[in-house]
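Trainee: Fold the following and give me the result.
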Amino acid sequence: MDLDFLKDVLLKYKNGEKDIDDVIKDIKTLFYEDTGYAKIDHIRELRKGFPEVVFCERKELNEAEEIIFKLSEKSNRVLATRASKELFERVKKKIEFAQYNERGRTISIIKDELIQIGLVSILTAGTSDIPVAEEAFETLRVFAAKTQKIYDVGVAGIHRLFDNLEKIKDSKVVIVVAGMDGVLPSVVGGLIDKPVIAVPTSVGYGANFNGVAPLLTMLNSCAPGVAVVNIDNGFGAGFIAGLINRIGEEKWRLSISIFLMELVVIWFLVHFLMQVYLIQFGKEKLINWI
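Mentor: I've put the predicted structure just below:
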């Protein structure tokens, strides 16, 4: 639930489009909506600045579909992760502008155009790490973060990383996704002065232990400024990066808004004074005064 939904409910009541019983029903679901199998948190966006995200894996298709639909009724943006193509096809029938990232296995619903802010770089060591990176990318897209993808720059060909280093340095935060030995985040962390979010993946042969090996490598990084999320957790990395990326941006936007409001007030004040002067002294004196 966002403030637009609440405003819409109150305006419809004011205009006679909703009666008091409908308003009470809507307000009851503001905190959470109990479907019997899920309690949907509609005010998470007000608390966190980001709506509840649906983790679809191991959910019944009809249940995941209903949760996504109910969230979309009260929020301008919805994200579902670990979603199958079959689930997307069902959602698409109800919400035609829903989008599916097949590689990242995400469903995103964005009703209004988002103004992108900041810059987050998403790096992968290899192309096998891209599905996890795409989950992070979709999370950041719903977060309205400007992103750049720099894929396949692992340490087996370190020159590829160096060729992109200047672009990476422009970022507010960097996500580095790596499987195998998981060394890339430490290398990046030692070269830039921005926070690095390391994402271990389950990509690799036997001793990779489904991502445990790169996870331990990243946790033991000697490069300061490297934080680590869980194995294959592109969403977690994207969420943290989105929070870091928007620090300072909202304050800047608020300052611009206040400045524009001040300009409007000044314009009205000048216009009012000119009208007063015109009434008191006439048009010719007003022209001479200007």
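
Trainee: in the stretch 1-150 of the chain, which spans are strands?
Mentor: 33-34, 39-40, 54-55, 77-81, 99-101, 106-110, 117-124, 145-150 (DSSP state E, counting those that start in this stretch).

Trainee: Point out the one among the ones you listed that comes closest to Ile197.
Mentor: Nearest to Ile197 among these is strand 117-124 (9.2 Å), distances taken as CB to CB. (Glycine included, C-beta is placed from N, CA and C.)

Trainee: beta partners of Ala145?
Mentor: For Ala145, the beta-bridge partners under DSSP bridges are Ile117.

Trainee: I'd guessed it sits against Leu114; true?
Mentor: No: counting by CB atoms under 8 Å, Ala145 sits too far from Leu114 to count as a contact (9.2 Å).

Trainee: If you count surrounding residues, which of these two has more?
Mentor: In this view Ala145 and Leu114 are compared by other CB atoms under 10 Å, and Ala145 has more residues nearby, 25 against 14.

Trainee: And that one, what's its pLDDT?
Mentor: Note for Ala145: predicted pLDDT of 91.

Trainee: ok, it - contacts?
Mentor: Applying CB atoms under 8 Å, 6 or more residues apart in numbering to Ala145 gives the contacts Gln116, Ile117, Gly118, Leu119, Val120, Ala241, Gly242, Asn245, Arg246.

Trainee: want to throw the residues you listed into JSON lines with neighbour count, pLDDT and distance to Pro200?
Mentor: Listed next are these as JSON lines, based on neighbours: other CB atoms under 10 Å; pLDDT from 0 to 100; distance: CB to CB, whole Å:
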{"residue": "Gln116", "neighbour count": "14", "pLDDT": "87", "distance to Pro200": "28"}
{"residue": "Ile117", "neighbour count": "19", "pLDDT": "89", "distance to Pro200": "28"}
{"residue": "Gly118", "neighbour count": "21", "pLDDT": "92", "distance to Pro200": "25"}
{"residue": "Leu119", "neighbour count": "18", "pLDDT": "95", "distance to Pro200": "24"}
{"residue": "Val120", "neighbour count": "27", "pLDDT": "96", "distance to Pro200": "19"}
{"residue": "Ala241", "neighbour count": "29", "pLDDT": "95", "distance to Pro200": "16"}
{"residue": "Gly242", "neighbour count": "24", "pLDDT": "93", "distance to Pro200": "20"}
{"residue": "Asn245", "neighbour count": "25", "pLDDT": "93", "distance to Pro200": "22"}
{"residue": "Arg246", "neighbour count": "19", "pLDDT": "89", "distance to Pro200": "25"}
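
Trainee: which stretch among the strands of the stretch 1-150 of the chain comes nearest Leu216?
Mentor: Of all the strands of the stretch 1-150 of the chain, strand 117-124 comes closest under CB to CB, at 19.4 Å.

Trainee: Show me what the closest one is packed up against.
Mentor: helix 130-142, strand 145-150, helix 165-169, strand 173-178, helix 234-245 (3 or more CB pairs under 8 Å, 6 or more residues apart in numbering; DSSP states H and E).

Trainee: Any regions of the protein where pLDDT drops low?
Mentor: Of all residues in the chain, those with pLDDT under 70 make up the ranges 1-6, 9, 23-30, 250-265, 267-290.

Trainee: how about the helices in the stretch 151-290 of the chain?
Mentor: For the stretch 151-290 of the chain, the helices defined by DSSP state H, counting those that start in this stretch occupy 159-162, 165-169, 184-189, 212-219, 234-245, 249-281, 283-289.

Trainee: who touches the residue nearest to Glu249 when sequence neighbours are not counted in this structure?
Mentor: Take Glu249 and drop its neighbours on the chain: the residue closest to it by CB to CB, 6 or more residues apart in numbering is Ile117, 4.4 Å away. By CB under 8 Å, 6+ apart, the contact list for Ile117 reads Ala144, Ala145, Lys146, Asn245, Arg246, Glu249.

Trainee: Pick the one among these closest to Ser171.
Mentor: The closest of the contacts of Ile117, once distances to Ser171 are taken by CB to CB, is Asn245, at 8.6 Å.

Trainee: Ile122 is in contact with the closest one, correct?
Mentor: No: Asn245 lies out of contact with Ile122 (CB under 8 Å); the separation is 11.7 Å.

Trainee: which residues are common contacts for these two?
Mentor: Joint contacts of Asn245 and Ile122 (CB under 8 Å, 6+ apart) are Leu140.

Trainee: Of all the strands of the stretch 1-150 of the chain, which one comes closest to Asp163?
Mentor: Of all these, strand 145-150 comes closest under CB to CB, at 9.5 Å.
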